[in-house]
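> got a predicted model here, sequence first, then my questions.
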Amino acid sequence: MEVGFAYTPALDAYSFGPDHPFRPERVSRAVALMREHGLIAEGALRPIPFEAATREDLLRVHSADYLDVVERASGPGGLWPPQAGIGPGDTPAFLGMHDAAALVCGATSTALAAVTSGTFTRGFSPAGGLHHAHRDYASGFCVYNDIAVAITAALEREPGLRVAYIDIDAHHGDGVQDIFDEEPRVLTISIHESGRYLFPGTGDADERGHGAGLGSALNVPMPPLADDERYLAAFDATIAPAARTFAPDVIVAQCGADAHWSDPLTTLGVTLGGFKALYQRITTLADELCDGRLLATGGGGYSWQRVVPAAWTLLAGALTGVGLPAALAEDNRSAPA
């Protein structure tokens, strides 16, 4: 299957510096591995052109005051004192921050538009997945919420659209959930390491949305060391039935790879084989519920040398239907992560 692929090396500009865990090499190495396996080609991942999101695009989700803060933080002087979550720590200011984050939003928005318009059945934005960004502050390496910007634009184009968002990143998809907290047309599902143990400290099962969106949020917090069996059982028993009940027109999946057992920032126990099985379940669910319409993004994942590239190449294989060597999904606990 041909998949709309929203990536160029220009996305590497979204970088907090060489020592920051959210390094752009996570994505560029993944894309290089996809290319090595012949996935970036006609009939598989088809590159699609995109531009940075405009201020108008970003204002669908973020406040004008917050955009002004990010633009100030993007200059050569940075931002002092820290404001709106930007400063020393997880999300430091960097030169060109606004433009880089807007380009990520443009990639994800273009990929989703290509799916909802019928140009492609599936889309892939590997540099996307900035699910912690909120309306008026940055958080957890995320400046602008590309997923929310893309979904909000899609809802504006098609007011009757129903979107199921499935987040398998190890960290709760708090920004996306909060932005759509009162939106009944978007079901947000997040399976993640429990907030009792891991940033951002949210995502309890009793968080279900508010107002018109009551019941439109589903959280599946997992204990430390939760493995493939536990993840797949939760998907089959909880996530898939909820998506079926909601009956979406399109699925958006944030596929952070930091639930892997080797990830230095989390304490879960999923293997590459487990990721492959999750990706297959997500694509099968899209085929069952919405004629295959699916947008996948990247996200977290900090075992960047081998695990993240392998995981997202397996994701590309699941999206395109192209067979990949079995060895790609094998875990070697003695190999560098």
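Alright, I've got the coordinates.
> switch to C-alpha atoms for all contacts and neighbour counts from now on
Noted.
> can you show me the strands along the stretch 1-150 of the chain?
Along the stretch 1-150 of the chain, the stretches classed as strands by DSSP state E, counting those that start in this stretch are 3-5, 45-47, 122-125.
> what pairs with the longest one, parallel or antiparallel?
The partner list of strand 122-125 in its sheet, established with DSSP bridges, is strand 3-5 (parallel), strand 294-297 (parallel).
> now tabulate those strands in CSV and tack on distance to M222.
Formatted as CSV, the strands paired with strand 122-125 follow (distance: least, CA to CA, whole Å):
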stretch, distance to M222
strand 3-5, 31
strand 294-297, 21
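> returning to that earlier point: closest one to E56 among the strands of the stretch 1-150 of the chain?
Proximity to E56 (CA to CA) singles out strand 122-125 among the strands of the stretch 1-150 of the chain, at 20.9 Å.
> run the chain-centre distance for that closest one.
Chain-centre distance of strand 122-125: 11 Å, with CA atoms, centre = their mean, to the nearest Å.
> now do stretch 68-76
Mean-position distance between stretch 68-76 and its chain equals 24 Å (CA atoms, centre = their mean).
> please point out which parts of that stretch sit buried.
For stretch 68-76, a neighbour-count test (16 or more other CA atoms under 10 Å) marks 69-74 as buried.
> ok, which of the strands paired with strand 122-125 comes nearest V270?
Proximity to V270 (CA to CA) singles out strand 294-297 among those, at 18.5 Å.
> which other residues reach stretch 171-183?
The list of residues contacting stretch 171-183 from outside it, by CA atoms under 8 Å, 6 or more residues apart in numbering, reads 61, 131-135, 145, 147-148, 167, 186, 188, 190-195, 198-203, 209-214, 216-217.
> repeat the analysis, applying 6 Å as the threshold.
With contacts defined as CA atoms under 6 Å, 6 or more residues apart in numbering, stretch 171-183 is touched by 131-134, 148, 188, 192, 203, 209-213.
> go on, stretch 266-283?
Residues outside stretch 266-283 that contact it (CA under 6 Å, 6+ apart): 224-228, 259-261, 318, 329.
> swap in 7 Å and give it another go.
193, 224-228, 232, 258-261, 292, 311, 314-315, 318-319, 329-331 (CA atoms under 7 Å, 6 or more residues apart in numbering).
> can you list the strands that the longest strand along the chain pairs with?
Across the chain, the longest stretch assigned as strand under DSSP state E is strand 186-193. Strand 186-193 has its sheet partners listed here by DSSP bridges as strand 163-167 (parallel), strand 217-222 (parallel).
> make JSON lines from those and add distance to D12, mean pLDDT and mean neighbour count to it.
Shown next, in JSON lines, are the strands paired with strand 186-193 (distance: least, CA to CA, whole Å; pLDDT from 0 to 100; neighbours: other CA atoms under 10 Å):
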{"stretch": "strand 163-167", "distance to D12": "23", "mean pLDDT": "99", "mean neighbour count": "25"}
{"stretch": "strand 217-222", "distance to D12": "31", "mean pLDDT": "98", "mean neighbour count": "24"}
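> turn these into CSV, including distance to F124.
Below are those laid out as CSV (distance: least, CA to CA, whole Å):
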stretch, distance to F124
strand 163-167, 14
strand 217-222, 24
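> for this structure, just list every one of the helices.
25-36, 55-59, 64-73, 97-116, 146-157, 174-179, 228-234, 240-246, 272-290, 307-320 (DSSP state H).
> out of those, nearest to G4?
helix 97-116 (6.2 Å).
> please state the offset of the closest one from the chain centre?
On CA atoms, centre = their mean, the centre of helix 97-116 falls 12 Å from the chain's centre.
> what of stretch 206-213?
Counting by CA atoms, centre = their mean, stretch 206-213 comes out at 22 Å from the chain centroid.
> so which bits of that stretch are buried?
Neighbour count says stretch 206-213 has 207-210, 213 buried, by 16+ other CA under 10 Å.
> could you do stretch 72-91 as well?
72-74, 78-79, 84-87, 90-91.
> stretch 227-238 now?
By 16+ other CA under 10 Å, the buried positions in stretch 227-238 come out as 227-228, 231-232, 234-235, 238.
> quick one: which two of those residues are the most distant?
Farthest pair in the buried residues of stretch 227-238 (CA to CA) is D227 and T238. Separation: 16.3 Å.
> ok, and the closest non-adjacent residue to the most centrally placed residue in the chain?
In the chain, the C-alpha closest to the average C-alpha coordinate belongs to G129, at a distance of 2.6 Å (CA atoms, centre = their mean). Nearest in space to G129, with sequence neighbours left out and distances taken as CA to CA, 6 or more residues apart in numbering, is G299 at 4.3 Å.
> that neighbour touches A259, doesn't it?
No - with contacts counted by CA atoms under 7 Å, G299 stays clear of A259, the gap being 11.1 Å.
> overlap in contacts of those two?
Common neighbours of G299 and A259, using CA under 7 Å, 6+ apart, are D169.
> which one of the buried residues of stretch 68-76 is nearest to L95?
Nearest to L95 among the buried residues of stretch 68-76, counting by CA to CA, is S74 at 4.8 Å.
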